[in-house]
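> could you look at this predicted model? Sequence included:
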Amino acid sequence: MNLSGLSVAAAILVLGLFLCAGSRSVHSQSVNGSGNSGFNNPVIEGMAPDPSVCRVGDDYYLVTSTFEYFPGVPVYHSKDLIHWRLIGYALSRPSQLPLVHLNRNGGIWAATIRYHDGTFYVVTINKSEGHGNFFVSTRNPGGEWSETVTLDQGGIDPSLFFDDDGKVYLTSAGPSGCPARICQSEIDISTGKRLSEIKPLWSGTGGSSPEGPHLYKVNGYYYLMIAEGGTEYGHGETVARSRSPWGPFESYAANPILTHRNFKQSPIQGTGHADVIQAHDGSWWAVFLGFRPASRLAHHLGRETFLAPVTWSNDGWPIVNGNGTVTPRMQVKTLPQQATEVEPERDQVSTPKLALPWNFVRNLNAVSWTLTERSGWLRLKGSAATLADSEAPPVFVGRRQQYFDSEIATAIDFKPGRAGEEAGLALRMNNRHHYEFGIARDGEQRVVYLRYVIGSIRAEAARKSIAAGVVRLRITTTAETYRFSYAVGDEAFQDLGEVETRYLSSEVADGFTGVFVGMFATGNGQESSAPADFDWFEYKRTAK
C-alpha cells in the first residue's frame, strides 16, 4: 500500500475504503498488456468530463457527463484504470432521460457512480425544465438500469456516500437555502427520501464555483473533496477533513491538491473535478477532467478523463502525483496493464442495433432512423429540424471526436427530391457552432456543399455539382484544421475546402461539451421526401 505515514493497522482498515467492494463484475475482453510501468494521458479521449469511479474486486467502473446527448451517462469498464471499454449507458431510455426545454449546456451534468451491497448506483442531475437530482441503480452495470428515483435536495453535482454504520449521505453543490456552497443530507437509499435537514458543510478555499463534492472515509477521518475555480483554466481540486460527516471541516494547508492554473506551458489544462479510488493492490489513484488546447486558448475535443497516482502525507492528506500536476506521459508504476480489445475503425452498420459509441442530440424520434429498411445501411429520414435547432432534435447520429489527427469517412446514397433536402457528415459542437458537409439539390442538379455555422454567421464555403451515384465524404483532421474532400463512385477524391478547429472550441462556442462527428439528414422546415442511406462509417487515428 502506498500510504506513507499510516500505521499497519490503519493501512488494513483503509483497504475497504474508497472503493465499491463486492463480488459481481463485468469483465472486458482483454489481452495481457504492457506490464505495469507508465501510461498516456488522457485515459479516455474525447468528451468525457466529470469522471467518477468505483471498484468491485479487481474490476473498475467509470461514468462521465453527457449534457444534451442521448443515451446518457456512459459506463466504462477497466481492469487497470488505464484501458477503458464502453459497456453501456446508465440512462438508455427516454423515460429515464427526457431532454426537453434545455439550452446547449443543459441535460446531464456531473454524475457519481458508487457500489454498495451488490448494487451499483449512479446519481446525477438533469438540467432540463422541470427536472433535478435523481439516481438510478442496477446489479449489472453493462445492462439496463432502473427508472429514476427523484431526490428532493437541490444543487448540482450530487454524490452518494455509504458510511460503515449503514447511513447514506447525499452531498451536492449550491442547493437553495443552504448557507454553504457544499451541503448534505442523510437519505433513505431505498426510496430517495430525505431523513435529515440539508446542512452546510464547506464553501471551499475561496475559489470560484465550488462544486463536484465527494465524501470519503479514511482512517477515521471524513474527507470532503471538491472542485474550485470553474471548469476552465483556473480549475483545481481542494480537500478538507473532519471527524464527523457533518463537519466542521478543516481545509488542507497545501490546497489545491491538483491544478494546472500555474502550469501554462503544459499541453494539459483545466484539471480538476476529481474522484479517488483505492486499487485492489492497495495503491491510490485519482480520475479527473482536463482538456488539451489545440491552439492558444482553444480546445475542441472537450474535457477528457485523466489519471494520476495518489499518495498520503505523513499527517494523512492526499497528494496527487507528488506536486498536483500531470503530464501526457506518466512514468509511474501502474496496475498490471490489460489492453482492451481495439474498436474497429469501420462500422459497417450491419448489426440490429447501433454500436455503443453512437449518440443522438436530445431524444430523437425512433422513426427518423433505421438499420433494417435497407439491410447493411443506416437510413436517416430528414425531418423539419436542422442542426441549428435548439428544441426539436436534429436527425443526427454522432460520436465523439477523440483524436486531433484522424480521418473520418462515409459512403452515402442520397438523391434529394427537392431543394432543402440535405444529408451528409457534420462536425457539431452545438446548435450554433457546427460544420456541415453534405449533398443537396440545386435546381435539377445534385451538389456537394460545405457550410460553416459559427454563432450568427452562416456561410456556404463551397458548392459543386456532382454526378449520380454513391458519394464518399471524407474529413481529414489535425489539431488546428479540418479538410473536406469527396469522391463520386470510384473516382479520386477532390478537395472542397479547409477550416480551423478553433471555431468549434469551447472558448468560442461557450460549450461544456466537445465536438461530435456523424451523419445527418434534414428537410429544412419539412419532412424529407427521400431517405439518406449510409453504407459505412470509418473513423481512424492517423497520428499518435
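Sure, I can see it. Numbers count the residues shown, from 1 in each chain.
> which residues in the chain form helices?
8-14, 506-509 (DSSP state H).
> any idea which of those scores lowest on pLDDT?
Lowest mean pLDDT of those: helix 8-14, a mean of 35.
> give me the pLDDT for the residue lying farthest from the centre of the chain.
Computed with C-alpha atoms, centre = their mean, the residue of the chain farthest from its C-alpha average is Glu444, at 43.1 Å. On the pLDDT scale, Glu444 is placed at 93.
> any idea how far it lies from Gly511?
39 Å (C-beta to C-beta, to the nearest Å). Where you see a C-beta, it was placed from the backbone N, CA and C, and this is true even at glycine.
> and what of Gly177?
In terms of C-beta to C-beta, Gly177 sits 30 Å off from Gly511.
> have a look at these two and say which one is more surrounded.
Gly511 (22 against 7; other C-beta atoms under 10 Å).
> next one: stretch 363-370 to chain centre, how far?
Chain-centre distance of stretch 363-370: 23 Å, with C-alpha atoms, centre = their mean, to the nearest Å.
> now what about it, what contacts it?
Contact with stretch 363-370 is made by 70, 94, 97-100, 378-381, 383, 393-397, as judged by C-beta atoms under 8 Å, 6 or more residues apart in numbering.
> run a quick neighbour tally on Thr259.
25.
> show me the contacts for the residue lying closest to it once chain neighbours are set aside.
Of all residues not flanking Thr259 in the chain, Gly236 sits nearest, at 3.1 Å (C-beta to C-beta, 6 or more residues apart in numbering). Gly236 sits next to Gly207, Ala227, Glu228, Gly229, Pro256, Leu258, Thr259, Arg261, Thr271, Gly272, Gly324 when contact means C-beta under 8 Å, 6+ apart.
> separation between the nearest residue to the third one once chain neighbours are set aside and Thr231?
Closest residue in space to Glu228, ignoring its immediate chain neighbours: Gly207 at 3.1 Å, by C-beta to C-beta, 6+ apart. In this structure, Gly207 lies at 12 Å from Thr231, with C-beta to C-beta as the measure.
> check Phe493 too.
For Phe493, the distance to Thr231 - C-beta to C-beta - is 39 Å.
> so which of those two has more stuff around it?
Using other C-beta under 10 Å as the criterion, Phe493 and Thr231 rank with Thr231 on top: 22 against 15.
> so what's the more buried one up against?
Thr231 neighbours (C-beta under 8 Å, 6+ apart): Pro49, Ser209, Gly270, Gly272, His273, Leu289, Arg303, Phe512.
> show me what the residue lying closest to Gly438 once chain neighbours are set aside is bridged to.
In space, and not counting its chain neighbours, Gly438 is closest to Gly424: 2.6 Å by C-beta to C-beta, 6+ apart. Beta-bridge partners recorded for Gly424 (DSSP bridges): Gly438, Phe520.
> show me the contacts for Gly424.
Ile412, Phe414, Glu436, Phe437, Gly438, Ile439, Val448, Leu473, Met519, Phe520, Ala532.
> dump those to CSV, plus pLDDT.
What follows is the contacts of Gly424, written out as CSV (pLDDT from 0 to 100):
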residue, pLDDT
Ile412, 98
Phe414, 98
Glu436, 98
Phe437, 98
Gly438, 98
Ile439, 98
Val448, 98
Leu473, 98
Met519, 98
Phe520, 98
Ala532, 98
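> tell me how many other residues surround Ala392.
14.
> so the nearest residue to it once chain neighbours are set aside versus Gly154, what's the distance?
The shortest distance from Ala392 to any non-neighbouring residue, by C-beta to C-beta, 6+ apart, is to Ala385 (3.9 Å). Plainly put, Ala385 is 32 Å away from Gly154 if you go by C-beta to C-beta.
> of the two, who's got more company?
Ala385 (24 against 18).
> quick one, phi psi at the more buried one?
As for Ala385, its main-chain torsions (degrees, to the nearest 10) stand at phi -70, psi 150.
> for it, what are its contacts?
Ala392, Pro393, Pro394, Val395, Thr522.
> is it true that the second one touches Phe360?
Yes. At 6.4 Å, Pro393 counts as touching Phe360 under the criterion of C-beta atoms under 8 Å.
> higher neighbour count, these two?
Between Pro393 and Phe360, Phe360 has the larger neighbour count (other C-beta under 10 Å), namely 23 against 19.
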